[in-house]
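J.: generate coordinates for the sequence data below:
(chains A and B)
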2 protein chains.
Amino acid sequence: MNKQRILIVSGTHGNEINPIYAAQKFNNLKMLNSVNKTVKYILGNPEAVSNGQRYIDIDLNRSFRFDESQSSKNHYEVKRAFQLFEEYGPKGLNPFQVAIDLHTTTSCMGTSVVVYGRRQKDLCLAAILQDKFGLPVYLHEKDSNQTGFLVEAWPCGLVIEIGPVAQNHYDPIIVKRFLIILDYLESLVDEIKSSKVKLPREIKIFTHKYSIDYPKDENNIINGLIHPLRLNQDWNPVKHGDPLFLNIHGETLVYLGEEELYPVFIGEAAYREKNIAMSFTRKEIIKCSNEWIMNLLDF
Amino acid sequence: MNKQRILIVSGTHGNEINPIYAAQKFNNLKMLNSVNKTVKYILGNPEAVSNGQRYIDIDLNRSFRFDESQSSKNHYEVKRAFQLFEEYGPKGLNPFQVAIDLHTTTSCMGTSVVVYGRRQKDLCLAAILQDKFGLPVYLHEKDSNQTGFLVEAWPCGLVIEIGPVAQNHYDPIIVKRFLIILDYLESLVDEIKSSKVKLPREIKIFTHKYSIDYPKDENNIINGLIHPLRLNQDWNPVKHGDPLFLNIHGETLVYLGEEELYPVFIGEAAYREKNIAMSFTRKEIIKCSNEWIMNLLDF
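T.: Numbering: from 1, shown residues only, chains lettered A, B, ... in the order given. Presented below is the predicted three-dimensional model:
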């Protein structure tokens, strides 16, 4: 890795303000000794941040598709995605090879990592973070309804997702968690170069299977909420017959699948408009190879 | 009180969804025995609810001023305020004399009551609720920056404010708390008529003094958050020298006043745009008079 190679993005969703504050604080603290800067901080969606909204027209973190035919090309976020890619993309004016996108969730996810697909470099970076901090890793793949994530536009990238915290609500504990991750990322390039980082033998991941919506009535109005026994139980297993929702009539709706699955993003506020009440994942273990680290450095 | 006299409004802020669900659930449960309906449920800001936003153009719950000269009269919420008042106001087509407006907050307020000014009927209703459930009462007054609240447009009215809960995030516990209040309000008219309700001797209130903003840098960017020792401490006293904020440089900013005050709406997400980090209140006791109950019935 050369100098200035990790792009750290906060405010990709304008109402997720704690990572913005953490980046601001980190920049502030680092001002005095930023001679060999390998990391650059940018705001993903400045307009949405100003407005305190997730997005202006459409979700920026689903807009990195660069599909000319899409009807949405006049949308602010589609233009912003192009602009970011042209400036900071791997062949941009000011190129970066790694993008880390900082997000918060209203779900009880703790501090977690999200990767999109099975790119070796992403899994390598996720394995390093899991080994260092014990973080759960959500592997999002094979979901045609959810595409165009920011980090997919870079050769290597992942999301740090921390919750629960309300949108637009500052929480010093959430800020602190981001600061710990940022501090580690700042040192990571040098540590990899000096061979201080060892890969674990394997990485434990939660692989995306499918998402489910809230129960709805004949007018498409939500008429059931996450069951109290399921709320805040992200990463914990669901077995056949376990409660998922409690509907407006007081009836419990249960999980009818046979396979033990692990729900994530349970009740995430921003996913209601995407018709997602929670996403089911399957536990999986992937063996790591020490070659991965060498490839991570090789751009 | 005649029949159909209490107007219960949810969704005055479109991203406060738990009271909407509670009202929907309550309506659903009551469908079978709604012959003598004294209570009507409406949505305050249907457009904002559809969009999952607090408001479309401006805050509906600051738009009940009916000030012809205001530059904002083309705003959706100004029109909506007129519409609601013409339909359901005390001299409207379908008149109501009492309005209860249901809100949530991201602050750790618990279940609380907010009244605006010292109208006897409002204080009477607040006293009844405080006596029944032990709720804290926030008396908002003498704040020229915050006017035009919905319930002020009705001869009697108050806000039920419950938190903490994220915007747009369903929480069955918050819903349950609203259901308890709604259940009581449904029975209240009959209970008052049959003299089953006794007023307490006094009502304890937290009277609004002033609000303070977050610390900001020379570019007007927030550079300090609520101090971890102050966060979630709504209704608890602040004395001279107590921490209020922790700034980006790690410095603690303390309360410098001499009078012991009680902060509320600490860190409320929606008030950041109003330049409010918290509001200070003073504890006060107001003697109740049994005449108040008779006047409550007398419209």
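J.: spit out the contact partners of the closest residue to chain B within chain A.
T.: Going by Cβ to the nearest Cβ, chain B is nearest to residue A:166 of chain A, at 3.4 Å. C-beta here means a position set from N, CA and C on the backbone, and glycine is covered the same way. For residue A:166, the contact set (Cβ atoms under 8 Å, 6 or more residues apart in numbering or on different chains) comprises A:106, B:106, B:164, B:165, B:166, B:167, B:169, B:269.
J.: now render the residues you listed as CSV, adding secondary structure, distance to residue B:214 and pLDDT.
T.: Listed next are the contacts of residue A:166 as CSV, based on DSSP: H, G, I helix; E, B strand; the rest coil; distance: Cβ to Cβ, whole Å; pLDDT from 0 to 100:
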residue, secondary structure, distance to residue B:214, pLDDT
A:106, coil, 22, 97
B:106, coil, 15, 97
B:164, coil, 18, 97
B:165, coil, 22, 97
B:166, coil, 19, 96
B:167, coil, 19, 97
B:169, coil, 23, 96
B:269, helix, 12, 97
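J.: could you dump these to JSON lines with distance to residue A:141?
T.: Output for the contacts of residue A:166, formatted as JSON lines (distance: Cβ to Cβ, whole Å):
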{"residue": "A:106", "distance to residue A:141": "24"}
{"residue": "B:106", "distance to residue A:141": "33"}
{"residue": "B:164", "distance to residue A:141": "35"}
{"residue": "B:165", "distance to residue A:141": "32"}
{"residue": "B:166", "distance to residue A:141": "28"}
{"residue": "B:167", "distance to residue A:141": "30"}
{"residue": "B:169", "distance to residue A:141": "27"}
{"residue": "B:269", "distance to residue A:141": "33"}
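J.: can you tell me which of those has the most neighbours?
T.: Of all the contacts of residue A:166, the highest neighbour tally under other Cβ atoms under 10 Å in any protein chain shown goes to residue B:166, namely 28 neighbours.
J.: quick check: closest non-adjacent residue to it.
T.: residue A:166 (3.4 Å; Cβ to Cβ, 6 or more residues apart in numbering or on different chains).
J.: would you mind measuring from the one you found to residue B:169?
T.: With distances taken as Cβ to Cβ, to the nearest Å, residue A:166 is found 7 Å from residue B:169.
J.: and if you look at residue A:246?
T.: Taking Cβ to Cβ, one finds residue A:246 at 16 Å from residue B:169.
J.: can you check residue A:75 too?
T.: 26 Å.
J.: go on, residue A:147?
T.: From residue A:147 to residue B:169 the distance is 25 Å (Cβ to Cβ).
J.: residue A:125 now?
T.: 30 Å.
J.: shared neighbours, residue A:166 and residue B:169?
T.: Taking Cβ under 8 Å, 6+ apart as the criterion, residue A:166 and residue B:169 both touch residue A:106.
J.: buried residues in stretch A:59-73?
T.: By 16 or more other Cβ atoms under 10 Å in any protein chain shown, the buried positions in stretch A:59-73 come out as A:59, A:60, A:61, A:62, A:63, A:64.
J.: how many neighbours does the nearest residue to the last one once chain neighbours are set aside have?
T.: Nearest in space to residue A:64, with sequence neighbours left out and distances taken as Cβ to Cβ, 6+ apart, is residue A:153 at 4.3 Å. A total of 19 residues lie near residue A:153 under the criterion other Cβ under 10 Å.
J.: my read: residue A:153 touches residue A:87, true?
T.: No: Residue A:153 is beyond contact range of residue A:87, at 11.8 Å (criterion: Cβ atoms under 8 Å).
J.: what segments of the stretch 151-299 of chain A are strands?
T.: A:156-163, A:202-212, A:224-226, A:243-247, A:252-254, A:262-264, A:278-287 (DSSP state E, counting those that start in this stretch).
J.: how about the stretch 1-150 of chain A?
T.: Under DSSP E, counting those that start in this stretch, the stretch 1-150 of chain A gives strands at A:6-10, A:39-43, A:98-104, A:110-116, A:137-140.
J.: on the pLDDT front, check the residue positioned nearest the centre of chain A for me.
T.: Central residue of chain A (Cα atoms, centre = their mean): residue A:159, 3.3 Å from the mean position. What the model reports for residue A:159 is a pLDDT of 98.
J.: please tell me I have it right and residue A:130 contacts residue A:203.
T.: Yes: Residue A:130 is within contact range of residue A:203, at 5.8 Å (criterion: Cβ under 8 Å).
J.: find residues that contact each of those two.
T.: Contacts common to residue A:130 and residue A:203, judged by Cβ under 8 Å, 6+ apart, are residue A:137.
J.: higher neighbour count, these two?
T.: residue A:203 (24 against 21).
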